[in-house]
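Q: Would you be able to build a 3D model of this:
(chains A and B)
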Amino acid sequence: MKKTIIFITATLILFPVGVLIYKARILKLSLVPQMVDDVWNLHINLKPKGDVTSFSFPIPKMGLGQKVSDERIRRKDLEVFIDSNSDSHVATWTSKELIKGRISYSARVDLKPVTYNRIPKDYTETYPKGLEQYLKLPTLLPEDEEAISSLETAILEGSEDKTTLIRKIYYYVEEEIQRNTDIKTIHETLNTGKGSPLIKAKLFNIMARRKNVPSRIVVMVRMPEVRQSMEETKLRFTFANEVFLANKWVPIDTNRGYFAQRPDNFMLIHRNYEEVEKLISKKNITYSIQAERARINRYNKTEFKKEVIKSDSIFSKLSLYRLPLPLQTMFTTILLIPIGALVLSIARNIIGIPTFGIFTPILLTLFFKETSFGFGMLFFAVVVTIGIVERYILDKFYLLAVPRLSIILTLIIMLMLGYSFYAVELTSISQKHLSFFPIVIVTLIIERLSIMITEEGMLNTFKTLLGTLLIVLLVYSLYFISALEMFMFTNPELLLTIIGLLILVGKYKGYRLSEFLRFRDLVRQKKKMESLPHDLL
Amino acid sequence: MIFSKLKEMGILGINNRVGRYILRHNKRSNYPLVDNKVLTAQRAEAWGIATPENYLIVENYGSLKNLHLKLLNYESFVIKPAKGSQGNGIIVIKEIIKEEKDGEVRILCRRSNDKLMDLDEVKHHISGILSGLHSLSGQSDTAIIQAKIDKHPIFDQYSYGGIPDIRVIVFEGFPVMSMVRLPTKSSDGRANLHQGAIGAGLNLSDGRTNNAVIRSQVVDIHPDTGHSLSGLKLPFWKEILELAARCYDMVELGYLGADIVLTPDHGPILLELNARPGLGIQIANLSGLVPRLEKIRLQAPKNLMAKERVEYSMKNF
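A: Below is the predicted model of the structure:
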């Protein structure tokens, strides 16, 4: 018997966990729909200068920490070609006639920070052919060349591996070169110790390549701050570097001080400035780049639905996401009830918190959730007051139980009427608060309450009230973790786990926490008795 | 662990009581026999177990109409719900007073706490019982009008107001623990521990009090009479235990609480049975139930007569 129960419980608990792992690992499904908070709506507007039949512009590409979706690039009268060299995208629009008017590109971009915690020492001497272009040195004035090599002797001495060298170059460019947008050549920078962001990136690039480390300048856009108004903000290109260390391209930003990391407010447009220098030059094109936070739902259910159906597994047929939307909303709430019941079971059977009725706290919580916390509390207070008053007033009339309950029911409805008049005056939130289901529950609570007051006294009644309220608050706060809600909705098989846990609670034969208090005096007095001489007993 | 002390003393907790003893030893289908006092009384009569005499059973509102005529036949009575618990809904009428005023006869009932009720109030109370106000699950109920039991003189110094009752926990037919509940002023003359009655633990071997508590505080004297609580030795002790033990055979519930009262002239009689007896008895006795229950479960000989089981308990506990 015992073994069967252990087996059943373990299966119930572990089976959904296994399913979760299967979904995540094998089907590569997300366990919760993606949060869409990080998604940006990106718009690029372009207008080539002069009369052209074709022009190109870099557009963002999928990559580490950067997801691009819903790209809109086509225009009826133009042909579009996207050149995707290994690391970047460049779009080319061509037409048989001269291109007139604006061309726009839009996409949704999901940005995540990129961080490398530790980069191992790098002693690479030769690089594959593809990287050779990142080692080419530009021609410099002889005096600049001299200045740089004396710099190198000063700051790089004694370092052998490339990771350390790069770190030192980074510190030098980041700290010693002051930002000054007026200084636009390497020559000036070396003389003044100041430079524009692009020049700082260029200087870093040269110094890295001189040490035989593949390096490139990346073109980025800094996303607007969330604090900035929702109005679309015009963005400008800015520059940073990437160096090839320990077999990967490592982001480095000497302008904003990031080594081996790229925060999630920077979007990469192109990874090799040299290639697109002419394309993005203001001489050839006017452009404006705008980005705004996409304000959709917190969770992107539609995307997830697509994802599940695409997975073509059993879950694509069983997913709750296939239900019509109103049903989905309903189930999101309903699936939380078992969690509430689990909390309630633990509170009652393991902690020993007294509550009114068995499921009253959960129903009350749902009521709180449906309406609002403030309204729920107000309602609860009113209910308690009615319960107490009822005892003292209706008791005098010697009414039979059922009519008496019905009177309370009617009183509650009258209260709701009163509230609705009041609420209509104030705001429009009222309808939601006046749903049907609480009426009957509340009536029953009042009746139980008034009986309890007579039978068990005010003190016990208030203990029970407090217990009920405590559970309501606990479950209510659980219900507000929206991730939990989505998690249950996405993976309803977890209901089995809850049953398993409930069996465990049900099999719990130990003491309740409340019994520790109840029998505390017993233990103390027993000890006292034992220490007394026997003739006193 | 904070519970280690409780475990050491063998205190029975609620979860353990339900999971290990009540669910396993009490057949659900036998519950009505103890939850409904009318059925208990019928069964007891068949088994020759003494219970208070039921004068009237009120089952519907219609019979309330002429009830007062019937009630006038009795000098005193007790009104109780058939499915009540913890003494809720019980009213003790110790005297019926007839007042004549301007040619109209007015009937008043004096309760055990000396409050007066007129007949309308009594009827209202009964209709409350019928509608299930005091019943275990809130279902409609039956009211019992029962003979009032008198206090045994031995309790004169130990009780305020109502009648003390003796609770015996019976496990598989063996008495395992016992206490006497002594009404106090603060319990409104009722033998209800929750309301502040005294719970005095009784030695199973001799029926002497071993300890007394009010709401888990140890007390030495009765707060209302001032009489010392130690040294009370119950008469008919063996009969009390035998009565309790026989209830097991009667209702076939393995874990049972029997509430017994001592009458001045008929000795111990069964007041009611309880399929989920409370755990406060452990506080009254300053000892835990678990070791005794386990001893019975593992060591006690099977198939004994009630008398033999009582002897076993008196010897072992």
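Q: Tell me who's in contact with B:Asp118.
A: B:106-109 (C-beta atoms under 8 Å, 6 or more residues apart in numbering or on different chains). Where you see a C-beta, it was placed from the backbone N, CA and C, and this is true even at glycine.
Q: my guess is B:Leu64 meets B:His125, correct?
A: No: applying C-beta atoms under 8 Å as the test, B:Leu64 and B:His125 come out as separate, 10.5 Å apart.
Q: Which one of the two is surrounded by more residues?
A: For B:Leu64 versus B:His125, neighbours defined as other C-beta atoms under 10 Å in any protein chain shown are more numerous around B:His125 (20 against 16).
Q: Now the helix or strand containing that one: average pLDDT?
A: Using DSSP states H and E, the element containing B:His125 is helix B:119-130. Mean pLDDT, helix B:119-130: 86.
Q: returning to what we had before: so which of the contacts of B:Asp118 comes closest to A:Tyr476?
A: Of all the contacts of B:Asp118, A:Tyr476 sits closest to B:Cys109, with 48.7 Å by C-beta to C-beta.
Q: List every C-alpha atom in stretch B:296-303, with coordinates, as CSV.
A: Taking Å, rounded to 0.1, in the frame of the first residue of the first chain, the C-alpha atoms of stretch B:296-303 are listed here in CSV:
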residue,chain,number,x,y,z
ILE,B,296,-3.2,-1.4,22.2
ARG,B,297,-2.6,-1.7,18.5
LEU,B,298,0.5,-3.8,18.8
GLN,B,299,0.3,-5.7,22.1
ALA,B,300,-3.2,-6.0,23.4
PRO,B,301,-4.9,-9.4,23.1
LYS,B,302,-7.7,-9.6,20.6
ASN,B,303,-11.3,-10.8,21.0
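Q: Which positions within that stretch qualify as buried?
A: B:296-297, B:300 (16 or more other C-beta atoms under 10 Å in any protein chain shown).
Q: Dig out what the closest residue to B:Leu232 other than its chain neighbours forms beta bridges with.
A: Nearest residue to B:Leu232, sequence neighbours excluded (C-beta to C-beta, 6 or more residues apart in numbering or on different chains): B:Thr209, at 4.6 Å. Note on B:Thr209: beta-bridge partners B:Leu202, judged by DSSP bridges.
Q: what's the following helix or strand after the longest helix anywhere in chain B?
A: Secondary structure of chain B read by DSSP state H shows that its longest helix is helix B:237-251. Toward the C-terminus, helix B:237-251 is succeeded by strand B:255-263 as the next helix or strand (DSSP H and E).
Q: related to what we said a few turns ago, now the buried residues of stretch B:296-303 in CSV, with secondary structure and pLDDT?
A: Shown next, in CSV, are those (DSSP: H, G, I helix; E, B strand; the rest coil; pLDDT from 0 to 100):
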residue, secondary structure, pLDDT
B:Ile296, helix, 94
B:Arg297, helix, 92
B:Ala300, coil, 88
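Q: B:Thr225: which of those residues is nearest?
A: Once C-beta to C-beta is applied, the member of the buried residues of stretch B:296-303 that ends up nearest B:Thr225 is B:Ile296, at 36.1 Å.
Q: Walk me through the domains of the chain.
A: If you meant another chain, say so; for now it's chain A. Here the domain parsing of chain A from automatic domain parsing is A:2-33+A:299-316, A:40-111, A:115-263, A:323-520.
Q: Sorry, I should have been clearer: chain B.
A: B:4-51+B:151-316, B:54-146.
Q: highest average neighbour count across the ones you listed?
A: domain B:4-51+B:151-316 (a mean of 19; mean count of other C-beta atoms under 10 Å in any protein chain shown).
Q: what about that domain, distance to the chain center?
A: What separates the centre of domain B:4-51+B:151-316 from the centre of its chain is 8 Å, taken as C-alpha atoms, centre = their mean, to the nearest Å.
Q: now swap in stretch B:107-116 and tell me
A: On C-alpha atoms, centre = their mean, the centre of stretch B:107-116 falls 22 Å from the chain's centre.
Q: what about it, start to end distance?
A: Using C-alpha to C-alpha, to the nearest Å, the end-to-end distance of stretch B:107-116 comes out at 10 Å.
Q: now stretch B:19-28
A: Termini of stretch B:19-28 sit 13 Å apart (C-alpha to C-alpha).
Q: what about it, near chain A?
A: Yes: on the criterion C-beta under 8 Å from any C-beta of the partner chain, stretch B:19-28 is in touch with chain A at B:19-20.
Q: Show me what the helix holding B:His125 packs onto, helices and strands only.
A: strand B:54-58, helix B:67-71, strand B:77-81, strand B:91-101, strand B:104-111, strand B:143-146 (3 or more C-beta pairs under 8 Å, 6 or more residues apart in numbering or on different chains; DSSP states H and E).
Q: Can you show me the CA trace of it as CSV?
A: Only the C-alpha atoms of helix B:119-130 are listed here, as CSV (Å, rounded to 0.1, in the frame of the first residue of the first chain):
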residue,chain,number,x,y,z
LEU,B,119,-42.3,29.5,25.3
ASP,B,120,-41.9,31.4,22.0
GLU,B,121,-38.1,31.6,22.6
VAL,B,122,-38.0,27.9,23.3
LYS,B,123,-39.9,27.2,20.1
HIS,B,124,-37.6,29.5,18.2
HIS,B,125,-34.6,27.7,19.5
ILE,B,126,-36.1,24.4,18.5
SER,B,127,-36.9,25.7,15.0
GLY,B,128,-33.3,26.8,14.8
ILE,B,129,-32.2,23.3,15.6
LEU,B,130,-34.6,21.9,13.0
